[in-house]
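> Give me a model of this one.
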Amino acid sequence: MKTVIDKLCDNQSLNREEFEYLLDNIDDKSLEYLREKADEVRIREYGRSVYTRGIIEFTNYCKQNCVYCGIRHDNKKADRYRLSAEEILDCCDAGYKLGYRTFVLQGGEDPYYTDEKIIEVIRAIKKALPDCALTLSLGEKSFNSLKQYYEAGADRYLLRHETAALVLYKKYHPNMSLESRKQCLWNLKKIGYQVGAGFLVGLPKQTTKDYVEDLMFLKKLQPEMIGIGPFIAHDNTPLEGEVNGSVRQVVTLLAIVRLMLPKVLLPATTALGSVDPIGREQGIRFGANVVMPNLSPTNVRAKYALYNGKICVSDEAAQCRKHIEGKVSDIGYSLDMSRGDHKNWRRL
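A predicted model of the protein is given here:
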């Protein structure tokens, strides 16, 4: 086991069989060795800084029907909302005053927000806060739409592929195409974005081979950001009552990705903190170097319920920042409120 981990540390590519062996046979001692090596690489590349992004969840309408998601189109019990352009700008302004210099606009695939509306918001944010980075997470869009957003000033785009295993993707994403998802990620790279991909851990029927598909795809894609989080069941979905993904499995994969792509920006997700009180801290200890506190208005946070038990839905923005800052400091790291760009990225 140590030999396989060392091979990964030496920047040598593992084949499918080696990845499977690592995931299927890692014991507590090997996991700690993996953690130590991932931490060493993260400190070498980024020090003990943990980059901070303010996330604004601006709509929970979605045209898609992903089986695991609480804001899926067919969830008639979801309490839907949309933020206006003014409300989004107010969130950014409040975040800026708290020190944030990077914002994430995240929403379901909501046709109400046309390209014109999105571009208007991007330009308004960039005009008001020109020293800030702007990330979009809006689902699949056409090449032309993505290019227009980039030209308007967007810097990053998050589009988790969710799973690179074709059978699993079809099972959980009705009327969607894995090929289309992947092509959208390649389009984002071609346009010039800092690109974020990522996948769920612990979906029912997900196997080691499925995770290896994710790792092989990410190795080929070479994204600047990778979000890895646990599946958490939502009551108003077909997966109600299913067992949640494990923190141990998530942090194992975080550490592997850190060694595989040393310079990657790797979030310790809110979902990790939702499934375990110290989940985000564990993620940071295993190589993650990004956190995304919530800047959404408190009256809508609980409505953006992708899964059960989401944390920090009632905290004010200042409380969220103070809370996560304390947790990060307690384990020997420090919040970095700068833009936090990928080391190799330059706007085209």
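> pLDDT of stretch 318-326, averaged?
Taken as a whole, stretch 318-326 carries a mean pLDDT of 87.
> Please, where are all the strands along the stretch 151-300 of the chain?
Secondary structure of the stretch 151-300 of the chain (DSSP state E, counting those that start in this stretch): strands located at 156-158, 194-201, 225-230, 290-291.
> possible to save these as a markdown table with mean pLDDT and distance to Asp341?
For glycine as for every other residue, the C-beta is placed from the backbone atoms N, C-alpha and C. What follows is the strands of the stretch 151-300 of the chain, written out as a markdown table (pLDDT from 0 to 100; distance: least, C-beta to C-beta, whole Å):
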| stretch | mean pLDDT | distance to Asp341 |
| --- | --- | --- |
| strand 156-158 | 98 | 8 |
| strand 194-201 | 98 | 7 |
| strand 225-230 | 97 | 10 |
| strand 290-291 | 96 | 11 |
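> Make JSON lines from the ones you listed and add distance to Leu218 and mean neighbour count to it.
Output for these, formatted as JSON lines (distance: least, C-beta to C-beta, whole Å; neighbours: other C-beta atoms under 10 Å):
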{"stretch": "strand 156-158", "distance to Leu218": "14", "mean neighbour count": "27"}
{"stretch": "strand 194-201", "distance to Leu218": "6", "mean neighbour count": "25"}
{"stretch": "strand 225-230", "distance to Leu218": "6", "mean neighbour count": "26"}
{"stretch": "strand 290-291", "distance to Leu218": "16", "mean neighbour count": "26"}
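> Name the nearest residue to Glu18, ignoring sequence neighbours.
Nearest non-adjacent residue to Glu18, counting by C-beta to C-beta, 6 or more residues apart in numbering: Val4, 5.5 Å away.
> Lys327 now?
Distances taken as C-beta to C-beta, 6+ apart put Glu281 closest to Lys327, at 5.8 Å, once the chain neighbours are dropped.
> Compute the number of surrounding residues for that neighbour.
For Glu281, the neighbour count with other C-beta atoms under 10 Å is 20.
> What separation do you get for it and Val251?
As for Glu281, its distance to Val251 is 10 Å (criterion: C-beta to C-beta, to the nearest Å).
> before we move on, what about Asn294?
Separation of Asn294 from Val251 (C-beta to C-beta) stands at 22 Å.
> cool, Tyr193 as well?
Distance from Tyr193 to Val251, by C-beta to C-beta: 27 Å.
> Which parts of this structure are helices?
Applying DSSP state H to the chain gives helices spanning 2-9, 16-25, 28-46, 85-97, 115-128, 143-152, 166-172, 178-191, 208-221, 247-260, 270-275, 279-285, 298-301, 317-330.
> Can you tell me what sits against the longest one?
The one in question is helix 28-46. By C-beta atoms under 8 Å, 6 or more residues apart in numbering, the surrounding residues in contact with helix 28-46 are 1-2, 5, 8-9, 26, 248, 251-252, 254-256, 258-259, 262-263, 266, 285-289, 343.
> can you give me the angle that helix makes with helix 247-260?
Here helix 28-46 runs at an angle of 50 degrees relative to helix 247-260 (axes from the mean of the first three to the mean of the last three C-alpha atoms, to 10 degrees).
> Give the buried residues for helix 28-46.
Ser30, Leu31, Tyr33, Leu34, Arg35, Lys37, Ala38, Asp39, Val41, Arg42, Tyr46 (16 or more other C-beta atoms under 10 Å).
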